[in-house]
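Chemist: I'd like to go over a predicted model; first the sequence, then the structure.
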Amino acid sequence: MCGSGTNGLYGMVTARHLKLMGYDPTIFLVNEYNASRPDGFKLFTQLKKQVLAFNIPILSSLPSNISHITATHSLIVDAVFGVGYDRFKYAALPRNNKYRYAVNVLRQINKVKVGRRPIVSIDLPSGWDTNIGNYEGHHINPEMLVSLIAPKLGVVEFFGKYHYVAGNYLPSILNEKYQVYVPRYNGSDCLIPIETQVEETTETAEMYHV
Ligand SMILES: NC(=O)C1=CN([C@@H]2O[C@H](COP(=O)(O)OP(=O)(O)OC[C@H]3O[C@@H](n4cnc5c(N)ncnc54)[C@H](O)[C@@H]3O)[C@@H](O)[C@H]2O)[C@H](O)CC1
């Protein structure tokens, strides 16, 4: 599930990788990339061409029946919102807005107990605020999170089963300027596993059989 910002572009790249690895992804594009951001828009246009050339279907609307999604897909990649999510804007969205619908679909998929499909979020679970995380407690709790460059402040509350850091591309000059905590990569590894603490509640016990 891809949003209309850079997080969504990462989702499209993920689909391309999955296809090359022999999986059969489908992209649900919540909205086209914003044309007023020319660099990103160019990337989006190129990625769209690539994924179509790989025969990856791009849907612009989701099936209304969640069970159809879970029956046909074994894993959901959440690339709807990353750090560009604006929680105030979200609160003002009309009920039938497509972003709201996408976030609700993720929530429903996250709640499914029988035939559960894990959600992997890119950089930040959609609906979480970069600094204050799952601020109202009603957004998704994905099984896996891949933080890009460094975990964001808000994900201290991430209690999913797997947490990785990826995206080793922060120049040291920026690191020194902003004092970003980037965990150390081992040799040529592209991922760093971060220990997570699965909070033992009835819900997580059911989810992860802890
Ligand atoms: N930029 C970098 O150097 C890096 C970015 N990374 C990845 O990029 C995202 C952040 O990308 P950005 O485009 O800034 O934001 P998002 O993708 O999160 O989405 C913004 C998108 O959604 C719209 N929007 C925001 N809030 C709402 C709302 N409440 N309702 C409706 N629409 C909303 C907004 O207008 C935009 O169109 C980051 O998380 C990474 O995945 C990497 O970190 C590498 C470096």
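Modeler: That came in fine, so what should we check first? Numbering: from 1, shown residues only.

Chemist: from here on, contacts and neighbour counts on C-alpha atoms
Modeler: OK.

Chemist: Pull out the buried positions in stretch 30-44.
Modeler: Neighbour-count burial for stretch 30-44, counted by 16 or more other Cα atoms under 10 Å, picks out 30-31, 33, 40-41, 44.

Chemist: Nearest to the ligand, out of these: which one, please.
Modeler: Nearest to the ligand, judged by Cα to the nearest ligand atom, of those is Y33 at 6.6 Å.

Chemist: follow-up on the earlier one: mind picking the two most distant members of the buried residues of stretch 30-44?
Modeler: Maximum pairwise distance among the buried residues of stretch 30-44 (Cα to Cα): 16.0 Å, between V30 and G40.

Chemist: need the residues of this protein near the ligand, please.
Modeler: Residues of the chain lying close to the ligand by Cα under 6 Å from any ligand atom are 4-8, 34, 81-87, 89-90, 99, 123, 148.

Chemist: Quick one, grab the pLDDT at E203.
Modeler: Turning to E203, the model gives it a pLDDT of 54.

Chemist: now P63
Modeler: As predicted, P63 sits at a pLDDT of 83.

Chemist: isn't it right up against I69?
Modeler: Yes - with contact defined as Cα atoms under 8 Å, P63 reaches I69; the gap is 7.0 Å.

Chemist: ok, the two, which is more surrounded?
Modeler: I69 (17 against 10; other Cα atoms under 10 Å).

Chemist: which SS state does the more buried one fall under?
Modeler: Under DSSP: H, G, I helix; E, B strand; the rest coil, the three-state class of I69 is helix.

Chemist: Between the two ends of stretch 66-86, how far is it?
Modeler: 26 Å (Cα to Cα, to the nearest Å).

Chemist: Show me the contact partners of that stretch.
Modeler: 1-8, 10-11, 25, 30, 63, 99, 102-103, 105-106, 108-109, 115-130 (Cα atoms under 8 Å, 6 or more residues apart in numbering).

Chemist: Please, where are all the helices along the protein?
Modeler: All helices of the chain, identified by DSSP state H, fall at 6-20, 38-53, 66-72, 87-91, 98-111, 172-178, 202-208.

Chemist: Which residue is the nearest non-sequential neighbour of K161?
Modeler: E143 (5.3 Å; Cα to Cα, 6 or more residues apart in numbering).
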